[in-house]
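**Student:** What would the 3D arrangement of this be:
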Amino acid sequence: MQHQVLPLSLRMTAFLLSGMSKPFPGLTARMFYRMYCTPPAKKLRASHEQLRDTARVEQVSVSSYAFDNTPLSITTYRWGSSDKRILLHHGWGGSPFHFKQLIGSLLDAGYEVIAYDAPAHGLSGGKRTNLVQWSHVLEQILQREGRLYAIIGHSLGGLNAALTLSRKDVHAPRLVMLSSALSAPVFFEETFRLFRIDRVVMPRLLSLIRHKLKDDLAEMDLHLYVNKIKSDRIFIAYDRTDTLVDAQEVTAFLQQYPSIQSLLINGEGHFRIMRQEPVIKGVLSFLGQ
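**Tutor:** You can find the predicted model right below:
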């Protein structure tokens, strides 16, 4: 894993959790879980608001979890009209409008573009969310939409799309993953390392996740499911300088599965990859196959 430096906003949290972890593992697990379920709030740029204003906006109601039928409001966005419909799935703390350049290119190529604010993001309901809920919501969105041409996911959105296509009874002919993590357990392990949280907390956290979410963190790992992804073709784009997704890990993963098409770029990082011309061209080429 590449060397990472915590931003100032997280250093105090890391300091607190690290100091509490050994004497108070249960409390630390609960605090870490709450942090894990709380996405950062981000304000849209003016250009993103303009893009939102061009969309056809709809509120849809879904259930919160497979085990919880509490209604959850999800805001969806549509641009264009075509029988080739593409669903965009943003990442943690992200927005559909971060795909701005890609949306324009997809519309120019004749595709219809669909996107939505994930739970606890944008105009959708909820204050906290997690990967288990993301998968349940995506499953319901796919069931509502019917047959799509492709799904394009960035970061956690890409991982969620791949896991949902593996673990749920849904299908997409094409899957595009941009700077996507491959494993939720690896993310947790790396966060524990960065925060210097004592290992005694991990069993408590895993137990809490099983109790709260009725799922096992170890199961949220694409290495377990890659041959079970219900997608005919897969394309992965990633960056050597990404500090959130380890390029070496992705390269090793791709070497095991040569049927997955890929594009490796250099120097644009985790978030800017979506608006890079080589990536957009690579995505369009893949979609045109």
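
**Student:** burial count for residue 69?
**Tutor:** Using other CB atoms under 10 Å as the criterion, residue 69 is surrounded by 10 other residues. Bear in mind the C-beta positions are built from the backbone N, C-alpha and C, glycine included.

**Student:** could you give the mean pLDDT of the helix or strand containing it?
**Tutor:** With the criterion set as DSSP states H and E, the secondary-structure element containing residue 69 is strand 68-79. Taken as a whole, strand 68-79 has an average pLDDT of 98.

**Student:** go on, stretch 27-36?
**Tutor:** Over the span of stretch 27-36, the pLDDT mean works out to 96.

**Student:** How far off centre is that stretch?
**Tutor:** A distance of 20 Å separates the centroid of the chain from that of stretch 27-36, by CA atoms, centre = their mean, to the nearest Å.

**Student:** Need the CA coordinates for that stretch. CSV is fine.
**Tutor:** Output for stretch 27-36, consisting of C-alpha atoms alone and laid out as CSV, is shown next (Å, rounded to 0.1, in the frame of the first residue of the first chain):
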residue,chain,number,x,y,z
LEU,A,27,-16.3,2.0,22.6
THR,A,28,-13.6,2.5,19.9
ALA,A,29,-15.4,0.0,17.6
ARG,A,30,-18.7,1.8,18.0
MET,A,31,-17.0,5.2,17.3
PHE,A,32,-15.2,3.8,14.3
TYR,A,33,-18.4,2.3,12.9
ARG,A,34,-20.2,5.6,13.3
MET,A,35,-17.4,7.4,11.4
TYR,A,36,-17.4,4.7,8.7
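
**Student:** Can you name the residues in contact with that stretch?
**Tutor:** When contacts are defined by CB atoms under 8 Å, 6 or more residues apart in numbering, stretch 27-36 is touched by residues 13, 16-17, 20-21, 128, 130, 188, 197-198, 201, 204-205, 207-209, 212.

**Student:** what about residue 152, distance to residue 106?
**Tutor:** 8 Å (CB to CB, to the nearest Å).

**Student:** in its sheet, what does the strand holding residue 69 sit against?
**Tutor:** In the sheet containing strand 68-79, its partner strands are strand 56-65 (antiparallel), strand 112-116 (antiparallel), by DSSP bridges.

**Student:** I'd like those strands written out as a markdown table, with mean neighbour count and mean pLDDT added.
**Tutor:** Shown next, in a markdown table, are the strands paired with strand 68-79 (neighbours: other CB atoms under 10 Å; pLDDT from 0 to 100):
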| stretch | mean neighbour count | mean pLDDT |
| --- | --- | --- |
| strand 56-65 | 14 | 98 |
| strand 112-116 | 23 | 98 |
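
**Student:** Of these, which is nearest residue 48?
**Tutor:** Closest to residue 48 of the strands paired with strand 68-79, according to CB to CB: strand 112-116, at 11.8 Å.

**Student:** Run through the neighbouring helices and strands of the strand or helix carrying residue 50.
**Tutor:** When secondary structure is defined by DSSP H and E, residue 50 falls within helix 46-53. Based on contacts counted as 3 or more CB pairs under 8 Å, 6 or more residues apart in numbering; DSSP states H and E, the elements that helix 46-53 packs against are helix 100-108.

**Student:** ok, now with 10 Å
**Tutor:** Packed against helix 46-53, as judged by 3 or more CB pairs under 10 Å, 6 or more residues apart in numbering; DSSP states H and E, are the following elements: strand 68-79, helix 100-108.

**Student:** Not counting its own residues, what contacts that helix?
**Tutor:** Under the criterion CB atoms under 10 Å, 6 or more residues apart in numbering, residues 42-45, 75, 77, 79, 95-100, 103-104, 122-123 lie in contact with helix 46-53.

**Student:** ok, now stretch 218-226?
**Tutor:** 130-132, 135, 158-160, 162-163, 165-167, 177, 180-188, 206, 209, 213, 228-229, 234, 249, 253, 256-257, 259-260.

**Student:** Could you pick out the buried ones from these?
**Tutor:** 130-132, 135, 158-160, 162-163, 165-167, 177, 180-188, 206, 209, 213, 229, 234, 249, 253, 260 (16 or more other CB atoms under 10 Å).

**Student:** quick revisit: JSON lines for the helices and strands packed on helix 46-53, including distance to residue 28?
**Tutor:** Conversion of these to JSON lines gives the following (distance: least, CB to CB, whole Å):
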{"stretch": "strand 68-79", "distance to residue 28": "26"}
{"stretch": "helix 100-108", "distance to residue 28": "39"}
